[in-house]
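Q: fold the following, please.
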Amino acid sequence: MISTTVAELAGAAVLLLGSVCIGTVVHELSHAAVLRALGVPYRIDWSPTRSRERFGANRYASWAAVVPAAGHPNGSVWGVRLAALAPLGMAAPFLSIPLGIVPESALTGNAMWLAVTVAWLGCALPSPQDFSLFWYPRRLTDAP
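A: Residues are numbered from 1 along each chain as shown. Next up is the predicted model:
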């Protein structure tokens, strides 16, 4: 069990929020990096489902989207699938724990480091839309 003070819990909450924000940006940029490597033009829409809500995105809305250009000749089914699962690469640094490079106690001994880890790994998971695109890809050469 982790013994923490109120200050550590407050610090963990701030780090959790910051890690989610940074992790969301890295998640979307990982999609974009694969599309760029394949030579597929794309655009990133931040808060694409804006409404009259205060922050423009709620728990049911999308916070960001990478939209590849339709009708591009370099579009391929496997390229779309690879781009959809690209955020899983964000979990690669944590493979050092099961490989024995970093001890497990490095994560479990500090509430703040644990909050950052949980937030980062949460952002490394592909979204439901990403999994849907992986299983039911649409060729980028097809018109929408």
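Q: so which other helices or strands are in contact with the top helix by length along the chain?
A: Longest helix in the chain, counting residues (DSSP state H): helix 6-37. Where contact means 3 or more C-beta pairs under 8 Å, 6 or more residues apart in numbering; DSSP states H and E, helix 6-37 is packed against strand 42-46, strand 64-68, helix 77-85, helix 111-124. To be clear about C-beta, it is placed using only N, CA and C from the backbone, and glycine gets the same treatment.
Q: which element follows the last one toward the C-terminus?
A: Toward the C-terminal end, the helix or strand that comes next after helix 111-124 (DSSP states H and E) is helix 128-135.
Q: burial count for W63?
A: 20 (other C-beta atoms under 10 Å).
Q: and the gap between it and L88?
A: Here W63 is placed at a distance of 19 Å from L88 (C-beta to C-beta, to the nearest Å).
Q: over to W135?
A: Distance, W135 to L88, using C-beta to C-beta: 15 Å.
Q: pLDDT weak spots in the protein?
A: Applying pLDDT under 70 to the chain picks out residues 1-3, 48-62, 70-75, 106-109, 138-144.
Q: show me the contacts for the residue nearest the centre of the chain.
A: Taking C-alpha atoms, centre = their mean, the centroid of the chain lies closest to H27, which sits 2.8 Å from it. When contacts are counted by C-beta atoms under 8 Å, 6 or more residues apart in numbering, H27 touches 64, 87, 90, 123-124.
Q: how about L121?
A: Per C-beta under 8 Å, 6+ apart, neighbours of L121: 90-91, 94.
Q: tabulate these in a markdown table, adding columns for distance to T117.
A: As requested, the contacts of L121 are exported to a markdown table (distance: C-beta to C-beta, whole Å):
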| residue | distance to T117 |
| --- | --- |
| M90 | 12 |
| A91 | 10 |
| F94 | 7 |
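Q: who wins for most neighbours among the residues you listed?
A: Of those, with other C-beta under 10 Å as the count, M90 tops at 18 neighbours.
Q: my read: that residue touches A124, true?
A: Yes. Assessed by C-beta atoms under 8 Å, M90 is found in contact with A124 at 3.7 Å.
Q: identify the contacts common to those two.
A: Contacts common to M90 and A124, judged by C-beta under 8 Å, 6+ apart, are 23, 27.
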